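Enquirer: Sharing a sequence plus its predicted fold:
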Amino acid sequence: MADDAKTWALIHAERRGLADTIEGLTEEQWRTPSLCAGWSCGNMAAHLLSSAEQSAGHFMGGMLKSGFSFNRAMQRDIDARADLTPQQIAQRLRQRTTTTNKPPAATVAMLGEVVVHGEDLRRPLGLSSPLDKDAANACLDMYTKASFPVGGKKRIGGLRLVSTDTGWTYGDGAEVTGSAMSLLLAMTGRPAGLAGLNGPGAPQLGERLTAGAAR
């Protein structure tokens, strides 16, 4: 329970930072493509809000209505928030900085959602935010075991990963070094992370990145 409470504290801190970022976005920034193929930064902001407002019941109902297609269910939730302004999304996101509702998934998955998707929104806009080391390492640990939907476990098989800014290491084999965020992006199928990675295993990791849209 203590670890779960700590994870929620990290999630809430990330949401507060995202609300500040989203609130100040211009119309042009809102339309800028995010790191997720087919989603603008405005779509990503709506997805981050839908994730924060998600519950087990809503998630299962959405999957049923979407024919059990995970991507269609996510898109339905984005479409339901399409008319919200950046300020409205920021306000509602701040209302989720004390709540602990979530879909039927581990709490740390919600942390990964807000950390990685936060970068999906910020990086194309040239924005950045300090990444908490505990949050980064918890996400890195999680994605070493993750199969659906990001495929991190298979992507990093046979490689040794070393985070140069958080002290995190994992695995054996050809070494891949870089910042925690660069590793997180690459592990979750985002080619944008490759620019921050080095080592003999980096080309192999690059080859494994999926060509499809990151979610």
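Expert: Yep, that arrived.

Enquirer: Find the least confident helix or strand in this structure, judged by mean pLDDT.
Expert: Sorted by mean pLDDT, DSSP states H and E, the helices and strands of the chain end with helix 56-65, the least confident at a mean of 71.

Enquirer: So which elements touch that helix?
Expert: Judged by 3 or more Cβ pairs under 8 Å, 6 or more residues apart in numbering; DSSP states H and E, helix 56-65 is in contact with helix 70-79. C-beta coordinates here come from the backbone N, C-alpha and C atoms, glycine included.

Enquirer: For the helix it packs on, buried residues please.
Expert: 73, 74, 75, 77, 78 (16 or more other Cβ atoms under 10 Å).

Enquirer: of those residues, closest to residue 132?
Expert: residue 74 (25.5 Å; Cβ to Cβ).

Enquirer: Could you report the neighbour count for the closest residue to the closest one other than its chain neighbours?
Expert: Spatially, and ignoring its direct neighbours in sequence, residue 74 is nearest to residue 47 (6.4 Å; Cβ to Cβ, 6 or more residues apart in numbering). Residues lying near residue 47 (other Cβ atoms under 10 Å) number 23.

Enquirer: can you check the one 10 residues further on too?
Expert: By other Cβ under 10 Å, the residues close to residue 57 number 11.

Enquirer: i'd like the first residue to be 875 from this point on
Expert: Got it, first residue is 875 now, which makes that one residue 931.

Enquirer: tell me the two of the buried residues of helix 944-953 that are most distant?
Expert: The widest separation within the buried residues of helix 944-953 (Cβ to Cβ) is 10.0 Å, between 947 and 952.

Enquirer: Pull the distance from the least confident helix or strand of the chain to the chain's centre.
Expert: How far helix 930-939 lies from its chain's middle: 21 Å, per Cα atoms, centre = their mean, to the nearest Å.
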